[in-house]
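Colleague: coordinates only, sequence not included:
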């Protein structure tokens, strides 16, 4: 009888570890949490320093990110949050990060942040019938609670980024295609109530209202190297900013403002506006009613209207804007203009000045030139 060889079987007592999606590189986590069940429950039980890492999928609900907790898509994952109003509420903290997620707002808003700080990195927010992202702060220390957005995309919502009293910096990314034509909808960025916003290398385009709207005495903005183009209701509009002499309230440096309708960059009742080394091109004319029997095609590159003062326009290029390259209507003390202008119907038009406007005489159209102005009467609801 032939004997059979022995088969040695070795049993392991080590349990099989389930697959865990890798977190994105660069996160600093005290503990990594992979939600075993409902995401709401995992977030509710998260502690400061935790990183909640999501595998690919769609998560429906109304989610709250606790203070100093990170919420991120796993490396290479496609993660969508949807459903709630807002979909994601962020309390903020020095270690709060939202990274790599897509937020679909639906009937409500996308992300609500109060009071910050938080970092949003490579986050896309879309299709919110209210604001895609709302950043609010009413505390005395808002300046220390910056909300930082890097390479984010905000699209197809009633308002892209609404900032109320908060400090927000945006680096790169795109804010585009917001929908709606009322005074308070369809704009890319709306900052009010003492907000402080910095926009660097951001593309703000094809919004159905204003690209950037800045409202209020204490609201401040720095716009550096941005492309603001093809917005239907003006490129950038500042209203009501006030400051002591020599203080810059709204600074636009470099970049290109092009193809917007009505006004490329405009201001009303504002002091401390500075525009340096910026190209303002091809503003399109819109026919606007002036009174019951009169209308005017308005398409000005830079428009300074009633109450603007302490304005510096330095080294700009204003070309081929449909009506005036620069219009100063009812401007006050301390307005200076330098740069090159060409194309359009008029170059620099100064009318009804409260105080002399300092501009190279060779650039100014004949003193008898007077343009009909509707924009002087327009104040916009933030």
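Modeller: Now that the structure is in, tell me what you want to look at. In this text the structure is predicted, and so the values were computed from the model without any measurement.
Colleague: return the residues in contact with residue 158.
Modeller: The contact partners of residue 158, taken as CB atoms under 8 Å, 6 or more residues apart in numbering, are 128, 129, 130, 131, 178, 179, 180, 185, 186. For the C-beta atoms, the positions are set from N, CA and C on the backbone; glycine is no exception.
Colleague: put the buried members of those residues into a PyMOL selection.
Modeller: Applied in PyMOL, the following selects the buried portion of the contacts of residue 158 according to 16 or more other CB atoms under 10 Å:
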select buried, resi 128+130+131+178+179+180+185+186
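Colleague: can you redo the contacts of residue 158 as a markdown table with secondary structure, distance to residue 315 and pLDDT?
Modeller: Rendered in a markdown table, the data for the contacts of residue 158 read as follows (DSSP: H, G, I helix; E, B strand; the rest coil; distance: CB to CB, whole Å; pLDDT from 0 to 100):
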| residue | secondary structure | distance to residue 315 | pLDDT |
| --- | --- | --- | --- |
| 128 | strand | 38 | 95 |
| 129 | coil | 42 | 93 |
| 130 | coil | 40 | 93 |
| 131 | strand | 35 | 96 |
| 178 | coil | 31 | 97 |
| 179 | coil | 36 | 93 |
| 180 | coil | 35 | 76 |
| 185 | coil | 35 | 90 |
| 186 | coil | 32 | 95 |
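Colleague: scan the chain for its longest strand.
Modeller: strand 79-90 (DSSP state E).
Colleague: parallel or antiparallel, list what pairs with that strand.
Modeller: strand 57-65 (parallel), strand 101-106 (parallel), strand 111-113 (parallel) (DSSP bridges).
Colleague: any idea which of these is most buried?
Modeller: Burial of the strands paired with strand 79-90 is given as mean neighbour count (mean count of other CB atoms under 10 Å); strand 111-113 ranks first at a mean of 26.
Colleague: for that one, what is the distance to the chain centroid?
Modeller: Remark: strand 111-113 is offset 14 Å from the chain centroid, using CA atoms, centre = their mean, to the nearest Å.
Colleague: residues contacting that strand, please?
Modeller: Counting by CB under 8 Å, 6+ apart, 86-90, 92, 98, 103, 120, 123, 125, 132-136, 147, 166 sit against strand 111-113.
Colleague: between the strands paired with strand 79-90, which one is nearest to residue 230?
Modeller: Across the strands paired with strand 79-90, residue 230 has its closest neighbour in strand 101-106 (23.2 Å, CB to CB).
Colleague: contacts for stretch 50-60?
Modeller: Contacts with stretch 50-60, where a contact means CB under 8 Å, 6+ apart, come from 21, 23, 27, 29-35, 39, 42-43, 46, 69-74, 77-83, 101.
Colleague: what residues of the longest strand of the chain count as buried?
Modeller: 79, 80, 81, 82, 83, 84, 86, 87, 88, 89, 90.
Colleague: tell me which residues touch residue 265, please.
Modeller: 235, 236, 237, 252, 257, 275, 278, 280, 301, 302, 303.
Colleague: ok so, going back, need the strands paired with strand 79-90 in JSON lines with distance to residue 291 and mean pLDDT, can you?
Modeller: JSON lines is the format used below for the strands paired with strand 79-90 (distance: least, CB to CB, whole Å; pLDDT from 0 to 100):
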{"stretch": "strand 57-65", "distance to residue 291": "49", "mean pLDDT": "96"}
{"stretch": "strand 101-106", "distance to residue 291": "40", "mean pLDDT": "94"}
{"stretch": "strand 111-113", "distance to residue 291": "42", "mean pLDDT": "97"}
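Colleague: wait, which of those is closest to residue 269?
Modeller: strand 111-113 (29.2 Å).
Colleague: and the next helix or strand past that closest one?
Modeller: The element immediately downstream of strand 111-113 (helix or strand, assigned by DSSP states H and E) is strand 118-121.
Colleague: contact partners for residue 280?
Modeller: Taking CB under 8 Å, 6+ apart, we find residue 280 in contact with 235, 256-258, 264-265, 301-302, 316-319, 321, 325.
Colleague: now swap in residue 225 and tell me
Modeller: Residues near residue 225 by CB under 8 Å, 6+ apart: 200, 201, 253, 254, 255.
Colleague: for residue 82, see how far away it is.
Modeller: For residue 225, the distance to residue 82 equals 33 Å [CB to CB, to the nearest Å].
Colleague: what do you get for residue 192?
Modeller: From residue 192 across to residue 82, the span is 28 Å (CB to CB).
Colleague: and for residue 216?
Modeller: Taking CB to CB, one finds residue 216 at 33 Å from residue 82.
Colleague: ok, now residue 338?
Modeller: Residue 338 is 50 Å from residue 82, by CB to CB.
Colleague: next one: residue 139
Modeller: 30 Å.
Colleague: again, but for residue 278
Modeller: Relative to residue 82, and taking CB to CB, residue 278 is found at 38 Å.
Colleague: residue 33: what's it in contact with?
Modeller: Residue 33 neighbours (CB under 8 Å, 6+ apart): 42, 46, 50, 51, 52, 53.
Colleague: of the residues you listed, select the buried ones using a PyMOL command.
Modeller: Entered in PyMOL, the line below selects the buried ones among the contacts of residue 33, by 16+ other CB under 10 Å:
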select buried, resi 42+46+50+51+52+53
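Colleague: so of the contacts of residue 33, which ones are in strands?
Modeller: Assigned to strands by DSSP E, the following of the contacts of residue 33 qualify: 50, 51, 52, 53.
Colleague: how much space between the first one and residue 262?
Modeller: The reference is to residue 50. If you go by CB to CB, the gap between residue 50 and residue 262 works out to 48 Å.
Colleague: of all the contacts of residue 225, which comes closest to residue 288?
Modeller: If you rank the contacts of residue 225 by distance to residue 288 using CB to CB, residue 255 comes first, at 26.4 Å.
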